[in-house]
Structure formats: C-alpha cells, structure tokens
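Asks: need coordinates for the below:
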Amino acid sequence: MIITVGGIKGGSGKTTVSTNLAVLRAVEGRDVLLVDADDQETASDFTMLRNEQQTDGAGYTSIKLSGAAVRTELQRLAPKYDDVVIDTGGRDTTSQRAALTVSDVLLVPFVPRSFDVWTLEKVSQLVGEMRAANPNLQAYAFINRADPRGQDNAEAEEVITETDELSLIQTPLGARKAFGNAAAHGLAVTELKPQDAKATHEMLTLYRHLFDVTTTSKKAVGA
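Replies: Below you'll find the predicted structure:
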C-alpha cells in the first residue's frame, strides 16, 4: 500500500502522522519505505534522530525525493516494499502531485481552524484532478490537533462531510504534548515513556482504521 500524507496547508501535522504510521507499520513486521517529499525534510531529520537513538535503527527505510522523481522512483522502488508512506509539504507541489499518481490513499489532516478548513475545496479540487490520472485513489480527511472541548471539531467534521472527493474518518488526534515530546526523541507516540494513554489510543485508532478500511476497500475493488 502506498499512502501519501498531504494537503495544501502547512502546520497541520503531516510529518507527525507520517512518521508514526511508518513506525507502527514497521513494528508489525512490515518492510516500510518512508519517503520525504517535503522541502523542509523534517521526516528525514526524524529518521536520522531515530537511527541515533534506537539500538536497532529506525526500523524502516527512508529516502528523500522531490518533483517528478517521486513518481518515477516509486514506480521502481514500491514493489520492493510492503508499504510506502510519503510525507509531502503543505503546498500544492509537483512532488505531491507526482506522489498521488501512484498512491492508493491520500490522508489529509485538518486543524479545526477557519484558515485550515477553508482549504478543503482546494484539496477536493486537487483530488478530483489527480483521479483523472489515478482513478482508484482514495482520499480521507481527519481532524488533527483537535480541541478538548467546544464546537470547532464538530463544525470542521461537518464541512469535511459536505466536501466532494474527500471522506471523513472520525479518528481525531488531540492537541497533546506527547506527540511533540515523542518526535523530539525519534519515537512514535506509542513508544513514549511514560506513555500518554490518550495519545496512544488516538494514534492506534487512526492507524487501524486507515489500514483496515483501505485494505478492505482494495479487496472489494479487486473482487
């Protein structure tokens, strides 16, 4: 499976989600390739730190790609791995479009704030355009850095459900310090000690929903 964590708004937590998915998938024994297609190269920095901190290394393979090379190199490399996770930047870039031509899934985190939610139509338009080249592309959106209370989360989810081309998955991640603390040590949030039970539960719920739903959907398409 090839999953692109993307969107067109910076600061939505794409790298945190990408690196956590790569670690969790690798822990399950999958041979994972993490592709850093973001000019900021944060996923690569995370992997470098993880290789330094973990006795057995990162547990997955990480490479940096940009532009049209994202497509051409993944066409060559993807068959060698069980899963590929692609971290893209917070803009509509050539790298992201190249990734979406070969991806099974686009996963878009949204922060429940007006400026983020207002980008939904542009993301929907991007997905529609990319489905012309990749008709089987599945696109999911979820709330990241969710508020502990108030109506912003529910209102943002409502807007997502009304947006063409995107499907809402109700697996929000809260605005928890544990995600940043884990990343600062090259860890997935599930590996952090002492563990933040709520953050761990949220990330595992997103992970399981994503892989269970997309795997089932792919089997149905194949049938």
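Asks: burial count for Gln151?
Replies: 10 (other C-beta atoms under 10 Å). C-beta: built from backbone N, CA, C; applies to glycine.
Asks: and the gap between it and Asn144?
Replies: 17 Å (C-beta to C-beta, to the nearest Å).
Asks: Asn20 now?
Replies: From Asn20 over to Asn144 (counting by C-beta to C-beta), the distance is 11 Å.
Asks: hey, where'd the strands end up in the chain?
Replies: 2-5, 32-37, 61-64, 83-88, 105-110, 138-143, 167-168 (DSSP state E).
Asks: out of those strands, deepest packed?
Replies: strand 83-88 (a mean of 28; mean count of other C-beta atoms under 10 Å).
Asks: give me the low-pLDDT residue ranges for the chain?
Replies: Scanning the chain with the threshold set as pLDDT under 70 gives 114-115, 213-223.
Asks: which residues in it form helices?
Replies: Taking DSSP state H as the criterion, the chain carries its helices at 14-27, 42-53, 69-77, 94-100, 114-117, 120-131, 152-161, 177-183, 197-222.
Asks: reformat the ones you listed as a markdown table; add mean neighbour count and distance to Glu191.
Replies: Output for these, formatted as a markdown table (neighbours: other C-beta atoms under 10 Å; distance: least, C-beta to C-beta, whole Å):
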| stretch | mean neighbour count | distance to Glu191 |
| --- | --- | --- |
| helix 14-27 | 25 | 7 |
| helix 42-53 | 18 | 10 |
| helix 69-77 | 16 | 26 |
| helix 94-100 | 23 | 27 |
| helix 114-117 | 16 | 28 |
| helix 120-131 | 18 | 31 |
| helix 152-161 | 17 | 27 |
| helix 177-183 | 18 | 7 |
| helix 197-222 | 15 | 9 |
